[in-house]
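Chemist: Coordinates for the following, if possible.
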Amino acid sequence: MTLRFLASGMVGLLVVAGIVGGGLYLNRGSHIEIQGSIRKVRTQAVDDNSAILFIDFRFVNPSNYPFVVRSVDVFLEDGGGREHAGMMVSEADARRLFQYYPLLGQKYNESLLIRARIEPHQMLDRMVSARFEMNEAKLEARKRLRIRVEDVDGAVSELVEGAP
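Modeler: Residues are numbered from 1 along each chain as shown. You can find the predicted model right below:
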């Protein structure tokens, strides 16, 4: 009787595992997020105590639903391990800065804007610009850079410098 009970329990366990696995497989595109990597970071001193980071990145929306941007924030971890939030620079100001500082080179990508819609499975190259109240040397000596993008429905994704 115990052998029969054990065999029935194992069959039941396999059926439940199959149902759970099938459910997870069918819902694999339901998690709203963006994935990507930071490609290029440029810095420009504005004055002795502040500088701007220009960050080019590539990302993809792997879900089956659109990702609509509610907010974009940039955080920098300095050499001492403290985190600093950057003040975002608008697309119009970023264009002017690239014209005013020719050593920055070409502005390759449009800025990631609030209310931008990233369609399902779409891959894009974008940039963000953020001003930090620290000199350019401290920006260059950063430990880590993180872009936090929030969806209108509350999902949060992060792109971290050096992450795949």
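Chemist: Show me what the lengthiest strand in the chain is packed up against.
Modeler: Secondary structure of the chain per DSSP state E: the longest strand is strand 35-47. Packing partners of strand 35-47 (3 or more Cβ pairs under 8 Å, 6 or more residues apart in numbering; DSSP states H and E): strand 50-60, helix 136-140, strand 144-151, strand 156-160. Backbone N, C-alpha and C define where each C-beta goes, glycine included.
Chemist: What are the buried residues along that strand?
Modeler: 35-36, 38, 41-44 (16 or more other Cβ atoms under 10 Å).
Chemist: Make CSV from the helices and strands packed on strand 35-47 and add mean pLDDT, distance to Phe98 and mean neighbour count to it.
Modeler: As requested, the helices and strands packed on strand 35-47 are exported to CSV (pLDDT from 0 to 100; distance: least, Cβ to Cβ, whole Å; neighbours: other Cβ atoms under 10 Å):
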stretch, mean pLDDT, distance to Phe98, mean neighbour count
strand 50-60, 95, 8, 20
helix 136-140, 88, 17, 16
strand 144-151, 94, 19, 19
strand 156-160, 94, 21, 17
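Chemist: how about these, which one is nearest Leu112?
Modeler: Between Leu112 and the helices and strands packed on strand 35-47, the tightest spacing by Cβ to Cβ is seen for strand 144-151, at 7.2 Å.
Chemist: relative to strand 50-60, how tilted is that closest one?
Modeler: Put simply, strand 144-151 runs at 60 degrees to strand 50-60, going by axes from the mean of the first three to the mean of the last three Cα atoms, to 10 degrees.
Chemist: Strand 144-151: partners in the sheet, and parallel or antiparallel?
Modeler: Taking DSSP bridges as the criterion, strand 144-151 forms sheet pairs with strand 67-77 (antiparallel), strand 156-160 (antiparallel).
Chemist: who's in contact with it?
Modeler: With contact meaning Cβ atoms under 8 Å, 6 or more residues apart in numbering, strand 144-151 is reached by 32, 34, 38, 41, 53, 55, 57, 67-77, 112, 128, 156-162.
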